[in-house]
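>>> how would this look folded up:
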Amino acid sequence: GVVTPVVRNADGTVQPTVRRFPNLKQAVAQSLDLHRLRPGNKLTGHYYGLDFDYSQTQPVPSVGTTCYFLRRQAYDQVGVFDEGFPPNF
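Next comes the predicted model:
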């Protein structure tokens, strides 16, 4: 029910917005900001979709909250979004 575009930085590079559902190790590493201490590491790289191919249209586990379009039917089924829920970045 949701589609999201490729988001680009000012210099034209892709801004990664795809997220995968983490396993327990990945969730702990992400919560400890390991991705900031060791960018590109395999443990958090999978969660942040660093190997994702943004040049192709494909299903994704989770989209960033930067920009997305939602089908009205899906919105009607789910209802309003919880404003207290933090974005998945």
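>>> stretch 20-40 spans what distance, first to last residue?
End-to-end distance for stretch 20-40: 15 Å, by Cα to Cα, to the nearest Å.
>>> then stretch 53-71?
24 Å.
>>> so for it, what gets flagged as buried?
54, 63, 64 (16 or more other Cβ atoms under 10 Å). Every residue, glycine included, has its C-beta placed from N, CA and C.
>>> show me these that map onto strands.
Among the buried residues of stretch 53-71, DSSP state E puts residue 63 in strands.
>>> looking at the buried residues of stretch 53-71, spot the one nearest residue 80.
For the buried residues of stretch 53-71, the residue nearest residue 80 by Cβ to Cβ is residue 63; the value is 17.9 Å.
>>> not counting sequence-adjacent ones, nearest residue to the closest one?
residue 4 (4.2 Å; Cβ to Cβ, 6 or more residues apart in numbering).
>>> ok, now which ones touch that neighbour?
Applying Cβ atoms under 8 Å, 6 or more residues apart in numbering, we find residue 4 in contact with 17, 60, 63, 64, 66, 67, 68, 69.
>>> please redo it, this time with the cut-off set to 7 Å
Applying Cβ atoms under 7 Å, 6 or more residues apart in numbering to residue 4 gives the contacts 17, 63, 67, 68.
>>> confirm that residue 44 sits in a helix.
Yes. Residue 44 forms part of a helix when assessed by DSSP: H, G, I helix; E, B strand; the rest coil.
>>> could you count how many residues lie near it?
Residues contacting residue 44 under the criterion other Cβ atoms under 10 Å number 24.
>>> likewise for residue 30?
Neighbours of residue 30 under the rule other Cβ under 10 Å: 17.
>>> where does the protein have low pLDDT?
Within the chain, the stretches with pLDDT under 70 are 85-89.
>>> give me phi/psi at residue 24?
phi -60, psi -50 (degrees, to the nearest 10).
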